[in-house]
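Asks: predicted model, plus sequence, below.
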Amino acid sequence: MPTYVDPAVSNPNVPPTEFRRYRRFVSWFVFTFVLLGTAYMLVSVAVTISRRYQAVPLGSPVGMQATRADVESCYDELSDVVEGLQKYLDNSSTLMAHYDAAEAQRWASDRDFWLGQWKASGARCQYTAPRHGPHAKEWEQLAIIHTDLRDTEASYTKELIRFGQAEAPRLDLLRERLESVGRRIATSAMGAATSRDSGDTKP
């Protein structure tokens, strides 16, 4: 009568049943972790893009009967928009030194982010809506500032794009020519030094 031999005993390379179950559990755990991590990353990217390209008000819209707290909150929000524009303009100055595709893409993303801030502020505060009361003048000034911010950004962006298309390539060419002159000067200096060393050598 043939005797049954457990493969796990006769062949030590074959893992036991318990080990196979543990390995299967680990594999599913790692797969689930990677799947959830990938899904989280995709959702985060989608939310970031949505926030940059869409105007999402940060609070409840301000109605016609605006209170002192409303004008103060809109003032603070517009102050953040001004600071955001200042940072955007400062970061954009790097394009003036060297205009390349990667830098231009980053600049475009920063611009979209600021436009989202500007639109969200206007959507919530409704600066141009006619308002009466003790803060009517303040609302009028906030409306002018909000409009001027967009005009300033548009004018700056227009000039920056013009520079990138017309002047930045010329600046890169001038930089390359200057570096070429510098290399020739360095080579000439090395040659002169070698000649002097050879002339000073005595037999």
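Replies: Ah, there it is. Quantities reported herein were computed from a predicted structural model and do not represent experimental measurements.
Asks: domain-wise, how is the protein divided?
Replies: The chain breaks down into these domains under automatic domain parsing: 1-40, 68-166.
Asks: would you format those domains as CSV with mean pLDDT and mean neighbour count included?
Replies: The way it works is simple: take the backbone N, C-alpha and C, and place the C-beta from them, glycine included. Shown next, in CSV, are those (pLDDT from 0 to 100; neighbours: other C-beta atoms under 10 Å):
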stretch, mean pLDDT, mean neighbour count
domain 1-40, 61, 10
domain 68-166, 87, 15
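Asks: could you export the ones you listed as a markdown table, including distance to Leu174?
Replies: Shown next, in a markdown table, are those (distance: least, C-beta to C-beta, whole Å):
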| stretch | distance to Leu174 |
| --- | --- |
| domain 1-40 | 46 |
| domain 68-166 | 12 |
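Asks: quick one: closest of these to Pro61.
Replies: Between Pro61 and the domains of the chain, the shortest gap by C-beta to C-beta is with domain 68-166, which sits at 5.6 Å.
Asks: first-to-last residue distance for the closest one?
Replies: The straight-line separation of the ends of domain 68-166 (C-alpha to C-alpha, to the nearest Å) is 49 Å.
Asks: next: stretch 125-132.
Replies: First-to-last residue span, stretch 125-132, C-alpha to C-alpha: 15 Å.
Asks: and the contacts of that stretch?
Replies: 61-62, 64, 66, 70, 74, 77-78, 139, 142-143, 146 (C-beta atoms under 8 Å, 6 or more residues apart in numbering).
Asks: out of the domains of the chain, the one nearest Arg184 is which?
Replies: Nearest of the domains of the chain (C-beta to C-beta): domain 68-166, 23.2 Å.
Asks: great, nothing more from me.
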